[in-house]
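1. Got a predicted structure here, sequence first:
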Amino acid sequence: MSVPGVSPRLVARLLVAAWIGVGIASQAQAKEREAGASQSRPGVVTEEPREGRFVKIDGGFMVPYTETIPGTEVTFEMVPVPGGEFLMGSPAAEAGRNDDEGPPVQVRVAPFWIGKHEVTWAEYKAYMSMYDAFKKFQRLAANRAAATGQSSDVQQAWQLVEEHAWHGDVETTDIDGVTAATPLYDPSYTYGAGEEPNQPAVTMTQFAARQFTKWLSGITGEDYRLPSEAEWEYAARAGTKTAYSFGEGIPDLDKYAWHDGNADYETHPVGEKAPNPWELHDMHGNAAEWTLDEYQENTYQKLGAGPVAAKEAVRWPTKVFPHVIRGGSWLDATEMLRSAARHKSEEDEWKLSDPSIPLSPWWYTEEAAMGVGMRIVRPLEPLSAAEKEHVWEADVESLREDVKGRLAEGRGAQGVADESLPAAIEAASKLDTGE
């Protein structure tokens, strides 16, 4: 079937949407996006808001927004962060300070949105469900029956499924391809600190966290990623210069953070503690958070006094670990929750109980990782192709080989993540059951 002036892929999507019963509004939205119609960006308005947080930019204002993960009822909130300069690191006299926090560096930061809360299990389990979805795509595409005698809408459904299916070539690189986290080896361990939908997701590797942001970007049409170390500290400080965003004193910490002294050996629902001045919750404690950067003890010495742009300050990884983790967790003592405190991953030690060979690229198995999660950002300026490669993909050859090995043995799953993925999942379900 062809329609003058409309792409074949759009025709396929609209036919499948009608076949699986997607509402008229969803069809119209898909058609508008595919035809290139102009739409306002989420989180940007042209008129100055009368209340609430906002950031003035050229041609408008950045405002908070809520995004629904397509194909689910799961939502997350994003908060605007103004551009500006700050002093990254801690002064020599700060209590609890470590040597890797200095000398302080002046950093220039561009505007971005950041998650109001840490990524929750509700959000991360939506990504985890892609393992079964991608496996179904692969199975259906490999065993597709002859199309003769099938209606045009069913044929288009097959086309949509095949567009999202991985066909088994581990050497194929596709910017839209996403690897899904494998099923948990021991769910009772991974969820030992809690698995309620509103608790922070934890124990995923930094690679898995980056693949989550790639999947989320693909299905929403926006550019989500992990924050850089500089962006994270800038957002955590929220204009403050004290050890914590609420001041210097430990006595106030319980009001703002879950830590080893009050968490009762578990994570807690996000947003229960008071926010920082930019309305961000749990920047101190609950779950520590991945950043893009490789951990180097002398990072600040290498950067110099500055000023340096946050984009230029990123230490792109050259090895599997260590990576920088910020914010401290429910497992950490109070001094590790400071705005400037730097943590690092321990790849081998965090996978001691993993029976797999190669070790899982997606999950950790030791207690220390039960305090490690993530928070996402969305830059004001869209990511370039080179930037997408940096922030989403496996960053070193050994990790790429581990992922390939898992895929080649059938212990991993891969598929294409774009805005039509939810429709493809529904189409696959219908085809699989013969409805």
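-> Nice, I can see it. Numbers count the residues shown, from 1 in each chain.

2. quick one: the most centrally placed residue in the chain and Ser360, what's the gap?
-> The centre of the chain sits closest to Thr213, judged by CA atoms, centre = their mean, with a distance of 3.3 Å. Note on Thr213: its distance to Ser360, by CB to CB, to the nearest Å, is 19 Å. (Glycine included, C-beta is placed from N, CA and C.)

3. contacting residues for the residue nearest to the centre of the chain?
-> Residues near Thr213 by CB atoms under 8 Å, 6 or more residues apart in numbering: Tyr224, Arg225, Leu226, Ile376, Val391, Trp392.

4. pLDDT on the strand or helix carrying it, on average?
-> Secondary structure from DSSP states H and E places Thr213 in helix 206-220. Mean per-residue pLDDT for helix 206-220: 97.

5. List the buried residues of the helix or strand following it.
-> Per DSSP H and E, helix 206-220 leads on to helix 229-237 as the next helix or strand towards the C-terminus. By neighbour count with 16 or more other CB atoms under 10 Å, helix 229-237 contains the buried residues Glu229, Ala230, Glu231, Trp232, Glu233, Tyr234, Ala235, Ala236, Arg237.

6. Need the residues that contact the very next helix or strand once past helix 229-237.
-> The helix or strand immediately downstream of helix 229-237 is helix 253-256, counting by DSSP H and E. Helix 253-256 is contacted by residues 244-246, 259, 261-262, 273-274, 276, 284-285, 334, 337 when judged by CB under 8 Å, 6+ apart.

7. ok, so of those, who is nearest Glu118?
-> Of all the contacts of helix 253-256, Glu118 sits closest to Gly285, with 10.2 Å by CB to CB.

8. Kindly indicate whether that closest one is helix, strand or coil.
-> At Gly285, secondary structure determined by DSSP: H, G, I helix; E, B strand; the rest coil is coil.

9. What about it, how many residues nearby?
-> Number of residues near Gly285 (other CB atoms under 10 Å) recorded here: 29.

10. pLDDT score assigned to it?
-> Note on Gly285: pLDDT of 98.

11. residue boundaries of the helices in the stretch 251-400 of the chain?
-> For the stretch 251-400 of the chain, the helices defined by DSSP state H, counting those that start in this stretch occupy 253-256, 299-303, 310-313, 385-392, 397-408.

12. now those in JSON lines, with mean neighbour count?
-> Output for those, formatted as JSON lines (neighbours: other CB atoms under 10 Å):
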{"stretch": "helix 253-256", "mean neighbour count": "16"}
{"stretch": "helix 299-303", "mean neighbour count": "17"}
{"stretch": "helix 310-313", "mean neighbour count": "18"}
{"stretch": "helix 385-392", "mean neighbour count": "15"}
{"stretch": "helix 397-408", "mean neighbour count": "16"}
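
13. Please determine how far Thr46 is located from Tyr65.
-> Distance from Thr46 to Tyr65, counting by CB to CB: 15 Å.

14. Pick out whichever of the two has more residues nearby.
-> Of the pair Thr46 and Tyr65, Tyr65 is the one with more neighbours under other CB under 10 Å, namely 17 against 8.

15. What's opposite the more buried one in the beta bridge?
-> Tyr65 forms beta bridges with Met78, as assigned by DSSP bridges.

16. pretty sure it contacts Met78?
-> Yes - between Tyr65 and Met78 there is a contact at 5.5 Å, judged by CB atoms under 8 Å.

17. which one is Asp402 nearest to, not counting chain neighbours?
-> Closest residue in space to Asp402, ignoring its immediate chain neighbours: Pro358 at 4.3 Å, by CB to CB, 6 or more residues apart in numbering.

18. let me redo that: Ser398
-> Nearest non-adjacent residue to Ser398, counting by CB to CB, 6+ apart: Val320, 6.0 Å away.

19. For Ala424, the count of nearby residues, please.
-> If you count neighbours by other CB under 10 Å, Ala424 ends up with 28.

20. out of everything not next to it in sequence, what's closest to it?
-> Using CB to CB, 6+ apart, the nearest residue to Ala424 is His164, at 4.5 Å.

21. Distance check, the one you found against Glu426.
-> Taking CB to CB as the measure, His164 falls 12 Å from Glu426.

22. Same drill for the two, tell me which one is more crowded.
-> Shown here are His164 and Glu426; by other CB under 10 Å, His164 has more neighbours (24 against 19).

23. how about low-confidence regions in the stretch 101-250 of the chain?
-> 145-149, 172-176 (pLDDT under 70).

24. circling back to that earlier point, find the residues that touch each one of Tyr65 and Met78.
-> By CB under 8 Å, 6+ apart, Tyr65 and Met78 have these common neighbours: Pro42, Gly43, Trp113.

25. that older thread, between the helices of the stretch 251-400 of the chain, which one is closest to Lys430.
-> Among these, the nearest to Lys430 by CB to CB is helix 397-408 (26.5 Å).

26. if we look at the closest one, which residues are touching it?
-> If you take CB under 8 Å, 6+ apart as the criterion, helix 397-408 is touched by 166, 170-171, 179, 182, 207, 320, 358-361, 394, 412-414.

27. Go again with 6 Å.
-> Residues from elsewhere that reach helix 397-408 (CB atoms under 6 Å, 6 or more residues apart in numbering): Val170, Thr179, Val320, Pro358, Pro361, Ala394, Gly412.

28. Of those, which is the nearest to Asp58?
-> Nearest to Asp58 among the contacts of helix 397-408, counting by CB to CB, is Ala394 at 35.6 Å.

29. check contacts around the closest one.
-> Residues in contact with Ala394 (CB under 6 Å, 6+ apart) are Phe207, Arg400, Val403.

30. what about the last one, distance to Pro382?
-> Put plainly, it is Val403. Counting by CB to CB, the gap from Val403 to Pro382 is 26 Å.

31. now the strands for the stretch 301-435 of the chain?
-> 308-309, 323-326, 342-344, 372-373, 377-379, 413-416 (DSSP state E, counting those that start in this stretch).

32. how about these in JSON lines, adding mean neighbour count, distance to Ser353 and mean pLDDT?
-> Shown next, in JSON lines, are the strands of the stretch 301-435 of the chain (neighbours: other CB atoms under 10 Å; distance: least, CB to CB, whole Å; pLDDT from 0 to 100):
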{"stretch": "strand 308-309", "mean neighbour count": "16", "distance to Ser353": "40", "mean pLDDT": "98"}
{"stretch": "strand 323-326", "mean neighbour count": "26", "distance to Ser353": "20", "mean pLDDT": "98"}
{"stretch": "strand 342-344", "mean neighbour count": "21", "distance to Ser353": "20", "mean pLDDT": "97"}
{"stretch": "strand 372-373", "mean neighbour count": "28", "distance to Ser353": "16", "mean pLDDT": "98"}
{"stretch": "strand 377-379", "mean neighbour count": "22", "distance to Ser353": "32", "mean pLDDT": "98"}
{"stretch": "strand 413-416", "mean neighbour count": "24", "distance to Ser353": "23", "mean pLDDT": "93"}
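
33. Alright, I will stop here.
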